[in-house]
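1. Give me a model of this one.
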Amino acid sequence: MKSLYRDTMPVRKGEELDRKTLYHYIREKMPEVPSGELEIEQFGAGASNLTYLLRIGAWEAVLRRPPLGPVAPKAHDMEREYKILSSLYPLYPTAPKPYHFSKNEEVVGSPFFIMERRKGIVLDSTFPEGVTYDEQLGKKISKLMVERLVELHRIDYKKTELEHITKPDGFMERQVAGWIKRYDNAKTSEISGLKELTNWMRKSIPSSPKPTIIHYDYKLNNAMFSEDFSEMIGLFDWEMTTVGDPLADLGVALSYWTQPDDPEQLKTGLGKASVTTWGGFFTREEFLEHYANRSGRDVSMINFYLTFAYFKLAVICQQIYYRYFKGQTSDPRFAQLDQYTETLIQYALDSARGL
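-> Have a look, this model is predicted:
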């Protein structure tokens, strides 16, 4: 059975790390690490930050750094993510334990941090060999996804570093304005209906409930499960984590959670369809209902949050495509992302219109 944080592969051309420099840095700054040959592999999933497996003998860790090329201001902030994990890990052990942060760009070409490597099952479009799937398993995984999200939203953010680096007041107003601006900065073509969508979002912002910690990139392939699927043993990619409207976090989770009757473009825009489209997994309505029951929150305005989440995901895809369009990356996975961006914007527009 596969038992990996992510499926690893040889490092992609152009994304190599200087093995000798990194090894000497690790030995200097992390004396607990054994001596020996440093092996480096790359985690192939993910389209934003670059993530590597480091191995020296029996010691393993994960290194995260920003993508190559220019990045948007405040995006891909490794120090911020490191601080978040450092203060969150003791309260929410599903998050990985961070080991070390470095601003020294001479080591890997950018700031980076090193964290623990966890081993378990990460799901995307299929199950690993050895797992017998039935609908009860789909329901079990769905419940775990909802319950760990509710658990995160229950943590007192004032007990974490997030209290000092976030501004919960006016969160949704800033989010709507900020993501519209990000799209404008990464635009490569005109998309029909965009103006109608952005005007609707500006005018339709609901009153937010009490702020909580939000992961803001909560999706199945950012989670890791034990081999018997009895628990979620890891949750990764905390780059977007902040304190804000918990329903915005729920909207993001629902935007990633595709279901069998979704349009094909929505299910396969980022690759093969997710296992959430298999029989037994919650529908978005069931996910929403279970969240409402477990959290006690009013979710009657979820249409706004889901609409905004589709737009936010569209902007993320457009920012990645913009780097490809400008020649800042040659990763062929990104060549068609502009088409998926348009699909998401049209889907958000349909959602805003109540279709």
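
2. so which helix or strand takes in the nearest residue to residue 283 once chain neighbours are set aside?
-> In this structure, residue 283 finds its nearest non-sequential neighbour in residue 259, 4.9 Å apart by C-beta to C-beta, 6 or more residues apart in numbering. To be clear about C-beta, it is placed using only N, CA and C from the backbone, and glycine gets the same treatment. Following DSSP states H and E, one finds residue 259 outside all helices and strands.

3. Run a quick check on residue 259 versus residue 279, I expect a contact.
-> No - counting by C-beta atoms under 8 Å, residue 259 stays clear of residue 279, with 10.4 Å between them.

4. which of those two has more neighbours?
-> residue 259 (19 against 10; other C-beta atoms under 10 Å).

5. Run through the residues that contact that one.
-> By C-beta atoms under 8 Å, 6 or more residues apart in numbering, residue 259 lies in contact with 276-277, 281, 283-284.

6. Residue 347 too?
-> Per C-beta under 8 Å, 6+ apart, neighbours of residue 347: 263, 266, 310.

7. Export those residues as JSON lines, with columns for pLDDT.
-> JSON lines is the format used below for the contacts of residue 347 (pLDDT from 0 to 100):
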{"residue": "263", "pLDDT": "92"}
{"residue": "266", "pLDDT": "92"}
{"residue": "310", "pLDDT": "97"}
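
8. Pick the one among the residues you listed closest to residue 82.
-> Distance to residue 82, by C-beta to C-beta, is smallest for residue 310 among the contacts of residue 347, at 29.9 Å.

9. Give the buried residues for the helix or strand hosting the closest one.
-> Using DSSP H and E, the element containing residue 310 is helix 302-325. Residues 302, 304-325 are the ones in helix 302-325 that count as buried (16 or more other C-beta atoms under 10 Å).

10. Which of the three states applies to the residue lying closest to residue 286 once chain neighbours are set aside?
-> Distances taken as C-beta to C-beta, 6+ apart put residue 142 closest to residue 286, at 7.3 Å, once the chain neighbours are dropped. For residue 142, the assignment made with DSSP: H, G, I helix; E, B strand; the rest coil gives helix.

11. From here on, call the first residue 16.
-> Sure, I'll start counting at 16 from here, so that last one is residue 157.

12. Need the pLDDT of the spatially most central residue of the chain.
-> Centroid-nearest residue in the chain: residue 232, 3.5 Å away (criterion: C-alpha atoms, centre = their mean). pLDDT recorded at residue 232 is 96.

13. give the contact list for it.
-> Here residue 232 is in contact with 252-255, 267 (C-beta under 8 Å, 6+ apart).

14. ok, so what distance separates residue 128 from residue 298?
-> 37 Å (C-beta to C-beta, to the nearest Å).

15. Which of these two has more residues huddled nearby?
-> Neighbour comparison, residue 128 and residue 298: the larger count goes to residue 128, with 20 against 16 (by other C-beta under 10 Å).

16. Give me the pLDDT for that one.
-> On the pLDDT scale, residue 128 gets 98.

17. ranges for the helices of the stretch 66-215 of the chain?
-> 93-103, 120-123, 150-169, 177-180, 186-201, 209-218 (DSSP state H, counting those that start in this stretch).

18. Distance from the fourth one to the middle of the chain?
-> If I follow you right, that is helix 177-180. Distance of helix 177-180 from the chain centroid (C-alpha atoms, centre = their mean, to the nearest Å) equals 20 Å.

19. Can you list the buried residues in it?
-> Result for helix 177-180 [16+ other C-beta under 10 Å]: buried residues residue 177.

20. that older thread, does anything pack onto the helix holding residue 325? Which helices or strands?
-> helix 186-201, helix 209-218, helix 261-271, helix 352-367 (3 or more C-beta pairs under 8 Å, 6 or more residues apart in numbering; DSSP states H and E).

21. which stretch in those helices has the least confidence?
-> Of all the helices and strands packed on helix 317-340, helix 352-367 has the smallest average pLDDT, which comes to a mean of 94.

22. that older thread, identify the residues contacting the residue nearest to residue 301.
-> Counted by C-beta under 8 Å, 6+ apart, residue 157 has contacts 291, 296-297, 301-302, 305.

23. Go through those residues and single out the one with the most neighbours.
-> Result: residue 291 is most packed of the contacts of residue 157 (other C-beta under 10 Å), 27 neighbours.
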